[in-house]
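Chemist: sequence and predicted model, in that order:
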2 protein chains.
Amino acid sequence: MPTTPAPRPDDDTPLRPRHDSSDAVRIAASAATTDGAKLSTADFPGWFDSRRQAHRFRVERIPFAELDGWSFAPDTGNLVHRSGRFFSVEGLQVTTGEDPHPRWHQPIIKQPEVGILGILVKEFDGVLHFLMQAKMEPGNRNLLQLSPTVQATRSNYTKVHQGADVKYIEYFVEPGRGRVVADVLQSEHGSWFFHKSNRNMIVEAVGDVPLHDDFCWLTLGQIGELLLRDNVVNMDSRTVLACAPFPRDEAGALHTDVEVASWFTAERSRHDVHAERVPLASLPGWKQTAYTVEHEQGRYFDVVAVRVEAGSREVSGWTQPLFEPRGVGVTAFLTRTIGGVRHVLVHARVEGGFLDTVELGPTVQYTPDNWDHLTGADRPPFLDLVLSAAPERVHYEAVHSEEGGRFLNAESRYLLVDVDEEQAPLDAPAGYRWVTPGQLGDLVRHGHYLNVQARTLLACLNATAVRG
Amino acid sequence: MPTTPAPRPDDDTPLRPRHDSSDAVRIAASAATTDGAKLSTADFPGWFDSRRQAHRFRVERIPFAELDGWSFAPDTGNLVHRSGRFFSVEGLQVTTGEDPHPRWHQPIIKQPEVGILGILVKEFDGVLHFLMQAKMEPGNRNLLQLSPTVQATRSNYTKVHQGADVKYIEYFVEPGRGRVVADVLQSEHGSWFFHKSNRNMIVEAVGDVPLHDDFCWLTLGQIGELLLRDNVVNMDSRTVLACAPFPRDEAGALHTDVEVASWFTAERSRHDVHAERVPLASLPGWKQTAYTVEHEQGRYFDVVAVRVEAGSREVSGWTQPLFEPRGVGVTAFLTRTIGGVRHVLVHARVEGGFLDTVELGPTVQYTPDNWDHLTGADRPPFLDLVLSAAPERVHYEAVHSEEGGRFLNAESRYLLVDVDEEQAPLDAPAGYRWVTPGQLGDLVRHGHYLNVQARTLLACLNATAVRG
């Protein structure tokens, strides 16, 4: 039985402040610094091209029959790896009872393990720099994009690949190697992944950091410049950057935080979403060919297979399935300046693969080709407003790719579009609410509030906020 | 095509502060007020007895065969209602790969709909009062306990019961009837429910509120007094009270908020929990009798059936299944005063029915009878420390019931126990961390951080904090 020594009602252990706003201030200072101490903005394109030259990399479509280690399971028709690891492509039946799609079936990626997306940061010349990697991914149209320092599935860093170690992973998994700036589990694409989330981390390194090939230190201002270009900053970088603490100078908001929380809770409660994994074989509305699993009307996306040859990946070559969307997406926040403070119109979106019913997405998140056959009130809300926006109303626009390790040529045009009362009233329709970037910044410190597309736009908002 | 009128870069819509700390101040003032404007503390026992007298209420155990509308489904053996609604009892297979229970099977309650647990508040004599209900529930040993104003499943308020309306529900579902003080989806018991959550709401009424039989207005100080007594304040009340904003005067904490978040994210990531619903029929390790589904070693809980006769419920009588735990639970926070600030030791707990792997639970949450056969290092951490705590170290202790609508005689002794460095070091073992009530108060504004037992203890901490 434990002894019970005399009570020690107090002790002299020093307490620490719960919050340290200096991180946000230093990140804002980095965002305001548009040239780097290590790699100048002018030299970036040359460095990036040199990385592209340094690696041979070729991706070709193959029939499923040529996949190595992957096959359709005899009982379910699910596309699985013989190791039982990596991921599988299965079927999903989603029932919402809501128009226009009360029930649907779709292929979905099942990858239960939690990966790490991590950016290492460190001060040079008194300014925080972010360690970014020029990384080849088979699904990117231009193959090479700028990724976080570490982008590792658990299979990766426990070496299921039987390939090379993940560089810098020790800063994210070993105590004492760094100081955590942000660390939160965030959802991946709910339309393509079943209950997938990744750990989004920003860690400030303790001590000197060796610089490996394919890596470079950039200020957040430099990364902000790159976010204005098409297909440079990859999805994993964007979602991690969205989680960075960022100081806000907002005089208030249209709705209090409690009102926003209550609206979100009501949205999550009122949707009655049942998502059930079903066999991929004979999935209603979908058909299988030698090269694809595809929708019978040619909509949404195809499941395809590719062969990859590369020199700079953990292993030198492999084959794998990818999801290939049909058409380029349009992903936009409508924005309004209300009482002098910018607001964005968020949408409580149902996606079949979300862990919990809805997350907050952009105002518009659609692939227009999928909706061409609809007219009038059946058109997705606000889509035509974004498609027809006058150029002077568009204050951010770039094409970005979704995760190139799972998705092939999955591009979306990301926009921030200013609107007025007539186009999008302050009294927003059901399922939509005006919130400030500061409110989103507080929510994104917790998982399952902002979907991955909203996080990309939040990263862009942060970058453009500094620019003014 | 929408028109694009001239941009209106700003407008004169008044902004509101995002946070209003006055709610927390008013709630603290109510907690410090130990007598009520409407029902004096001295008169409460008499009033409560009168409510008990006013209602005949009888609960008797019956064999499953006497359940009305409930039966074991022929294909799965699941215990289901003929309407397909309310809830069902199914099997669950949980795989964690962790000692001492890498895999187990158990019955579980499946009730996918989100209910509302809501307390209406209103100022009388300048002090917030909480509208509480004397409510009969079949699983409570003493039958009558103090519930929130509204405790409604969706079936309840959409009238699947074909019974009476839920009183005061309009304040929680109709716009303009009240002002939201708190509104968050919180998990229910992860060991007994599969992915169940309820909306926890506190709403301040606009305008006069009629007072119905069985309801009374109490200050939070009065409720705090009742929390010191056994089996008065029901579980639904306790979880809602835990969500009330509460002012904290903490000089700091042992760990910063980011460190706590990072630790929690790591805990959620490192556990690899797979919970799969399986048929209740032939569930390994469980056997079925005429009156019970029970564990072969007589551990954990039984599934049983009861007949209820009551005058004050929505309907006058019914039969239903309940879960009946074996033995009384022990649920405790170890506490230490660190640098002058109280801290509690939270435990990142795996429960098979959680939506996402782990939530933060009390330091100790066990039914000792289930662990009697284990000795030494196999004993649950800190359990014996709590069981043997000297009386002067126990600064809170009361027996409370879990939800009496689903659980029969499910009682736990809830404790706050002061310890020292020798008993529980500041450098806590893996899976445990010292945090402040203020840190818990910030986390509980979001769902799926604190389990329902930790929320009961947080409500007790708030009540005892005011008492000093």
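Modeler: On my side now, so go ahead. Numbers count the residues shown, from 1 in each chain, chains lettered A, B, ... in the order given.
Chemist: wait, what's in contact with the closest residue to A:Gly352 other than its chain neighbours?
Modeler: In this structure, A:Gly352 finds its nearest non-sequential neighbour in A:Val94, 3.8 Å apart by CB to CB, 6 or more residues apart in numbering or on different chains. C-beta here means a position set from N, CA and C on the backbone, and glycine is covered the same way. A:Val94 sits next to A:103-106, A:273-276, A:352 when contact means CB atoms under 8 Å, 6 or more residues apart in numbering or on different chains.
Chemist: what residues does the stretch 301-450 of chain A have near chain B?
Modeler: Within the stretch 301-450 of chain A, the positions near chain B by CB under 8 Å from any CB of the partner chain are A:336-341, A:355-356, A:384-385, A:388-390, A:392-393, A:418, A:420-423, A:426, A:436, A:438-439, A:445-446.
Chemist: re the thing from before, strands - which of the contacts of A:Val94 land there?
Modeler: Per DSSP state E, strands hold the following members of the contacts of A:Val94: A:103-106, A:274-276.
Chemist: these: which ones sit near chain B?
Modeler: A:His274.
Chemist: and the ones in strands among the contacts of A:Val94, which of them are buried?
Modeler: A:105-106, A:275 (16 or more other CB atoms under 10 Å in any protein chain shown).
Chemist: let's have the residues you listed in TSV, adding distance to A:Phe44 and pLDDT.
Modeler: Listed next are these as TSV, based on distance: CB to CB, whole Å; pLDDT from 0 to 100:
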residue	distance to A:Phe44	pLDDT
A:His105	45	97
A:Gln106	39	98
A:Ala275	42	95
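Chemist: just the residues you listed now: which is nearest chain B?
Modeler: Using CB to the nearest CB, A:Ala275 is the member of those that lies nearest chain B, at 11.4 Å.
Chemist: next one, pLDDT for the residue nearest to A:Ala242 when sequence neighbours are not counted please.
Modeler: Nearest non-adjacent residue to A:Ala242, counting by CB to CB, 6+ apart: A:Arg455, 3.8 Å away. Note on A:Arg455: pLDDT of 98.
Chemist: off-centre distance for stretch A:53-60?
Modeler: Put simply, stretch A:53-60 sits 25 Å off its chain's centre (CA atoms, centre = their mean, to the nearest Å).
Chemist: in PDB, list the C-alpha atoms belonging to it.
Modeler: The C-alpha trace of stretch A:53-60 is given here as PDB (Å, rounded to 0.1, in the frame of the first residue of the first chain):
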ATOM      1  CA  GLN A  53      17.400  18.300 -63.600                       C
ATOM      2  CA  ALA A  54      19.100  16.200 -60.900                       C
ATOM      3  CA  HIS A  55      16.400  13.600 -60.900                       C
ATOM      4  CA  ARG A  56      15.100  11.500 -63.700                       C
ATOM      5  CA  PHE A  57      11.500  10.900 -63.100                       C
ATOM      6  CA  ARG A  58       8.900   9.300 -65.300                       C
ATOM      7  CA  VAL A  59       5.300   8.400 -64.800                       C
ATOM      8  CA  GLU A  60       3.300   6.200 -67.100                       C
END
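Chemist: so for that stretch, mean pLDDT?
Modeler: Here the average pLDDT along stretch A:53-60 is 86.
Chemist: how about that stretch, which residues are buried there?
Modeler: A:55, A:57, A:59.
Chemist: check the residues you listed one by one and keep those near chain B.
Modeler: Counting by CB under 8 Å from any CB, no member of the buried residues of stretch A:53-60 reaches chain B.
Chemist: give me the subset of the residues you listed that lies in strands.
Modeler: Going by DSSP E, the strands hold A:57, A:59 from those.
Chemist: pLDDT score for the nearest residue to A:Trp318 once chain neighbours are set aside?
Modeler: Computed as CB to CB, 6+ apart, the closest residue to A:Trp318 that is not its neighbour in sequence is A:Val308, at 5.5 Å. pLDDT for A:Val308: 93.
Chemist: ditto for A:Thr3
Modeler: Reported pLDDT for A:Thr3: 41.
Chemist: confidence-wise, which helix or strand of chain A is lowest on average?
Modeler: When the helices and strands of chain A are scored by mean pLDDT, DSSP states H and E, helix A:154-157 comes last with a mean of 70.
Chemist: stretch A:174-190 near chain B anywhere?
Modeler: Yes - using CB under 8 Å from any CB, stretch A:174-190 reaches chain B at A:180-185.
Chemist: most neighbours among the residues you listed, please name it.
Modeler: Tallying neighbours with other CB atoms under 10 Å in any protein chain shown puts A:Val184 at the head of the residues of stretch A:174-190 next to chain B, with 26 neighbours.
Chemist: with adjacent residues omitted, what lies nearest to the closest residue to chain B within the stretch 1-150 of chain A?
Modeler: Going by CB to the nearest CB, chain B is nearest to A:Leu15 of the stretch 1-150 of chain A, at 3.1 Å. Take A:Leu15 and drop its neighbours on the chain: the residue closest to it by CB to CB, 6+ apart is B:Gly252, 3.1 Å away.
Chemist: my guess is that neighbour meets A:Asp20, correct?
Modeler: No - counting by CB atoms under 8 Å, B:Gly252 stays clear of A:Asp20, with 10.9 Å between them.
Chemist: neighbour count: the two, which is higher?
Modeler: Higher neighbour count among B:Gly252 and A:Asp20: B:Gly252, with 18 against 14, using other CB under 10 Å.
Chemist: what sits against the more buried one?
Modeler: Contacts of B:Gly252 (CB under 8 Å, 6+ apart): A:15-18, B:339, B:341.
Chemist: which among those residues count as buried?
Modeler: So, by 16+ other CB under 10 Å, the buried ones in the contacts of B:Gly252 are A:15, A:18, B:339, B:341.
Chemist: closest to A:Ala261 among these?
Modeler: Closest approach between those and A:Ala261, by CB to CB: A:Arg18, at 20.3 Å.
Chemist: that closest one: what secondary structure?
Modeler: coil (DSSP: H, G, I helix; E, B strand; the rest coil).
Chemist: give me the pLDDT value at it.
Modeler: At A:Arg18, pLDDT is 95.
Chemist: got a list of what it touches?
Modeler: For A:Arg18, the contacting residues are B:250, B:252-253, B:256-257, B:436, B:438-439, by CB under 8 Å, 6+ apart.
Chemist: over to A:Asp418: give its phi and psi.
Modeler: Main-chain dihedrals, A:Asp418, degrees, to the nearest 10: phi -80, psi 140.
Chemist: is it in a bridge, and if so with what?
Modeler: A:Thr335 (DSSP bridges).
Chemist: pretty sure it is touching A:Pro391, no?
Modeler: No - with contact defined as CB under 8 Å, A:Asp418 does not count as touching A:Pro391 (11.3 Å).
Chemist: so for these two, which sits in the more crowded spot?
Modeler: For A:Asp418 versus A:Pro391, the count of surrounding residues by other CB under 10 Å is larger for A:Asp418: 21 against 6.
Chemist: which pLDDT value goes with the residue in the stretch 251-400 of chain A that chain B sits nearest to?
Modeler: In the stretch 251-400 of chain A, the residue that lies nearest chain B is A:Gly252 (3.1 Å; CB to the nearest CB). For A:Gly252, the pLDDT comes out at 96.
Chemist: which secondary structure state does A:Asp249 sit in?
Modeler: coil.
Chemist: how much space is there between it and A:Asn409?
Modeler: Distance, A:Asp249 to A:Asn409, using CB to CB, to the nearest Å: 39 Å.
Chemist: between the two, who's got more neighbours?
Modeler: Looking at A:Asp249 and A:Asn409 with other CB under 10 Å, you find the greater number of neighbours at A:Asn409, namely 16 against 8.
Chemist: so what's the more buried one closest to, chain neighbours aside?
Modeler: Counting by CB to CB, 6+ apart, the residue nearest A:Asn409 is A:Arg141, at 5.2 Å.
Chemist: that neighbour: neighbour count?
Modeler: So A:Arg141, with other CB under 10 Å, has 15 neighbours.
Chemist: report how many residues lie close to the residue nearest to A:Trp318.
Modeler: Using other CB under 10 Å, A:Val308 has 21 neighbouring residues.
Chemist: so it is in contact with A:Pro138, correct?
Modeler: Yes - using CB under 8 Å, A:Val308 is in contact with A:Pro138, at 4.6 Å.
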